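> no FASTA, just this:
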Ligand code: GDP
């Protein structure tokens, strides 16, 4: 077992997890060679599977970082693409297909890309190795290939063949070694041949004497020597058919039978290295030695990185610990605290005032429908009799007309569904307060968690809504006919409704103002209104209902604004009149309720809201206050399942940076202990024993 290589590969994988792969550049074996030199065949023989992109037009466009993991536990061989999240791919033709697609993803105009494809292969039958397959050197660019392809490939290879990487220079036996692009490239960066292994492929294609001569290393000496291989299975024999799955076994058998045929050239006495198995062993040994010699340096750079990270942790975060759990707990605590503050400030009184506001609007609606209904919509229709507006100041308490008006307004108010209105008003208010709390909390940075909490609120509120509105309706029954208004209630109603009417008056006036500026000034609006009034009194004749082409020199749009303005003016007049009435002595007396419907309806509305709120408070609000926190916990719990917690915390960039730094620090500490163990126990075992 190659101890150091294995551990170092593990360490590199750990570092890659936090994007720290640059911290430590572990030596790899880079495979270079001309196109068709047999490079892919050699790599596949080492791995024991066909998996590399093939095809006459296939140019490798991206480096493949190939990590071989000797995995005694693996029942079947499999590959993994960590960057794609593809794990345990046992079908090697699928690996081949994936590599082909990844390779083709590089646009032709770019020629090649230095963004490597990472592939890990696990098998009990392979050694731990870290290999990088590079695009094959091309001699002459093909017709359809861009001119700079040749140069770009060569530049890409140059990046990788730097030290401390080991160069596996592939050359075919049947081409002149002097022309080997791989050896030429290697000599440029490794002139003394100290970290280059020469691989001579296609040994079966040359005379044994010539083959042995190449391997004997005289012309182009390399300290790590040459290995001669035959990486192609003889096709005819059927004996070594690829389908058997055991590519390496077939290749080895074939190589043995070939090299054994020529003992004089390739036998033990000849002093040359042959066979894929020998090559594999050599790769393992050389990589192990290189890793071992880099151990000290690597340890130091990890130490430096750890020191820097520790320093950053101190300066940036004052060594404050952080975890996703702690962040969630703190966020939740803070939110609950805010919620508690809200719940103690939002109770019966607040609900009552909200509901009363809503009912005030309903009172105004009733008043508008029963008392202020001077028809001004239709210009062609004259004012109907009786002119109840003019009549109202004298509203005779004996007149059944005014009795009916007040009864209808009262039942309009009590039967409008106060229960539902109250439940809706309360739920809307609570929901919007919770949403505001969320906006101010740390959950505002976490949209999906925020949504989960907001939904928790709606769920709890919706749960009680029906029962609450039902309960309210029942409790309001006594007010539906002739509610009993006490003098103090009347007095309060009188005071309050004047304010409401004044608010309504202001709204009319400001709407009038905006109409004024919309038509281009007060004078213009006056002109249109005068025309509209005349039309209404029948003094001018306007054809049709909607005057599509306008009338009296005014456009249809202008007339519409004029009608609206006339309506608002009349409404303001009436309201003004009603304010005066409500303030008058006559309206002090509850006996005069037919004359003062505003006061009466306001007092009723107050009674309705008071009764409704008793129910709302207990049935809805208190229930919400007790159940909501639990519902939040359970919704968040669901939300945080399956990696959700980590995702949640990392949504906040500040937390993410904090977590990343801690993670990096922990990882570097782990890596450092691992590498220190290696130094202590395995540092000297530079020359490992073979696995194959
Ligand atoms: P690459 O372009 O360098 O990856 O080369 P390949 O591995 O695709 O090989 C090119 C061609 O040479 C293929 O047809 C292989 O079958 C053939 N080939 C590779 N190695 C040998 C070998 O040792 N002997 C023989 N006879 N042919 C080989």
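Ah, there it is. The structure displayed is predicted, hence computed values, not measured ones. Numbers count the residues shown, from 1 in each chain.
> select the longest helix from the chain.
Counting by DSSP state H, the longest helix found in the chain is helix 276-317.
> so how far is that one off the chain centroid?
The chain centre lies 35 Å from the centre of helix 276-317; the measure is C-alpha atoms, centre = their mean, to the nearest Å.
> can you list the residues of the protein near the ligand?
Counting by C-beta under 6 Å from any ligand atom, the chain comes close to the ligand at 33, 35-41, 136, 201-202, 204-205, 230-232. C-beta coordinates here come from the backbone N, C-alpha and C atoms, glycine included.
> which of those residues are buried?
33, 35-41, 136, 201-202, 204, 230-231 (16 or more other C-beta atoms under 10 Å).
> taking those one by one, which sit in helices?
Among those, the members found in helices (DSSP H) are 39-41.
> of all those, which comes closest to residue 422?
Residue 422 lies nearest to residue 40 out of those, by C-beta to C-beta, at 78.0 Å.
> tally of neighbours for the closest residue in space to that closest one that isn't next to it in sequence?
Nearest residue to residue 40, sequence neighbours excluded (C-beta to C-beta, 6 or more residues apart in numbering): residue 52, at 4.4 Å. By the criterion of other C-beta atoms under 10 Å, residue 52 has 22 neighbours.
> equivalent analysis for the one 10 residues further on, please.
The burial metric for residue 62, expressed as a neighbour count using other C-beta under 10 Å, is 21.
> tell me who's in contact with it.
102-103, 106, 112-117, 135 (C-beta atoms under 8 Å, 6 or more residues apart in numbering).
> only the buried subset of these, as a PyMOL command please.
Buried residues among the contacts of residue 62 (16+ other C-beta under 10 Å), as a PyMOL selection:
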select buried, resi 102+103+106+112+113+116+117+135
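> all strands for the chain, in order.
With DSSP state E as the criterion, the chain has strands at 29-33, 64-70, 78-81, 86-89, 117-123, 129-133, 166-172, 196-201, 226-228, 273-274.
> reformat those as TSV; add distance to residue 532 and mean pLDDT.
Shown next, in TSV, are the strands of the chain (distance: least, C-beta to C-beta, whole Å; pLDDT from 0 to 100):
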stretch	distance to residue 532	mean pLDDT
strand 29-33	91	95
strand 64-70	83	93
strand 78-81	77	95
strand 86-89	76	91
strand 117-123	79	94
strand 129-133	87	94
strand 166-172	96	96
strand 196-201	100	96
strand 226-228	105	96
strand 273-274	109	94
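> nearest residue to whichever residue of the stretch 351-500 of the chain sits closest to the ligand other than its sequence neighbours?
Nearest residue of the stretch 351-500 of the chain to the ligand (C-beta to the nearest ligand atom) works out as residue 448 at 48.3 Å. What sits nearest to residue 448 in space, not counting adjacent residues and going by C-beta to C-beta, 6+ apart, is residue 639, at 6.9 Å.
> just checking, the one you found touches residue 449?
Yes: using C-beta atoms under 8 Å, residue 639 is in contact with residue 449, at 5.8 Å.
> more neighbours: the two, which one.
Shown here are residue 639 and residue 449; by other C-beta under 10 Å, residue 449 has more neighbours (25 against 20).
> what's the distance between the closest residue in space to residue 661 that isn't next to it in sequence and residue 664?
In this structure, residue 661 finds its nearest non-sequential neighbour in residue 313, 5.7 Å apart by C-beta to C-beta, 6+ apart. Distance, residue 313 to residue 664, using C-beta to C-beta, to the nearest Å: 9 Å.
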